[in-house]
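> The following block contains a protein sequence and its predicted model.
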Amino acid sequence: MTPQDIRQKLTVHEEELRQMGIASLALFGSTARGEANEASDIDLLVEFDRTVGFFHFFRVQHRLEEILGVFKVDLIQQGAVHPMLRERILSEMIHVA
C-alpha cells in the first residue's frame with residue numbers, strides 16, 4: 001500500500017476521524033520510505049484535539065486497521081515518541097489526514 005492509497009482511504013472517512021478527536025495523522029516507517037512488504041505494519045503518528053484515554057486510543061487504532069484493511073497499525077502519539085527516534089520519524093513523515 002502506498003502513501004497515496006492510505007491518504008485516499010482516510011479521506012473517505014475524514015469526518016469520522018475528526019469526530020474521534022484526530023487532529024492529524026502522519027505516516028512514517030517502511031511504508032513512508034517505500035520499503036514495505038506484505039508483512040509490514042503501517043506506522044502512524046497521531047495528534048488528537050483533546051486528551052484521550054487508553055480505551056479510546058485503542059478503539060481509534062482498531063478503526064484505522066479496519067479503514068485501511070490491514071492487520072496491524074502501529075499508532076503513536078507525538079508526545080510519546082522516544083527522543084532518539086524523533087528526528088528519524090520527523091524526516092520520514094508524510095501527512096495523510
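Received it, and whenever you're ready, just let me know what you need. For clarity, every value in this text was computed on a predicted model and none was experimentally measured.

> This structure: helices as residue ranges?
3-12, 14-19, 30-33, 54-68, 83-92 (DSSP state H).

> Now do the buried residues in the third one.
When neighbours are counted by 16 or more other C-beta atoms under 10 Å, the buried residues of helix 30-33 are found to be Thr31, Ala32. Bear in mind the C-beta positions are built from the backbone N, C-alpha and C, glycine included.

> before we move on, what about stretch 23-30?
Using 16+ other C-beta under 10 Å as the test for burial, stretch 23-30 gives Leu25, Ala26, Leu27, Phe28, Gly29.

> mind checking pLDDT for the last one?
Spelled out, that is Gly29. The confidence metric pLDDT takes the value 96 at Gly29.

> what bits of this protein have low per-residue confidence?
Along the chain, no part satisfies pLDDT under 70.

> how close does Glu47 sit to Val81?
Distance, Glu47 to Val81, by C-beta to C-beta, to the nearest Å: 11 Å.

> residue at max distance from the center of this protein?
In the chain, Met84 marks the outermost C-alpha relative to the chain mean, sitting 19.5 Å out by C-alpha atoms, centre = their mean.

> okay, the helices of the chain in TSV with distance to Ser40 next?
Formatted as TSV, the helices of the chain follow (distance: least, C-beta to C-beta, whole Å):
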stretch	distance to Ser40
helix 3-12	12
helix 14-19	22
helix 30-33	5
helix 54-68	12
helix 83-92	14
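
> Those: which one's closest to Ile76?
helix 83-92 (8.4 Å; C-beta to C-beta).

> Return the distance of the closest one from the chain's centre.
15 Å (C-alpha atoms, centre = their mean, to the nearest Å).

> tell me the contacts of Gln8?
Neighbour list for Gln8: empty [criterion: C-beta atoms under 8 Å, 6 or more residues apart in numbering].

> Out of the buried residues of stretch 23-30, which comes closest to Phe54?
Nearest to Phe54 among the buried residues of stretch 23-30, with distances taken as C-beta to C-beta, is Leu25, at 19.1 Å.

> Surely that closest one touches Gln78?
No - in terms of C-beta atoms under 8 Å, Leu25 does not count as a neighbour of Gln78; the distance is 10.8 Å.
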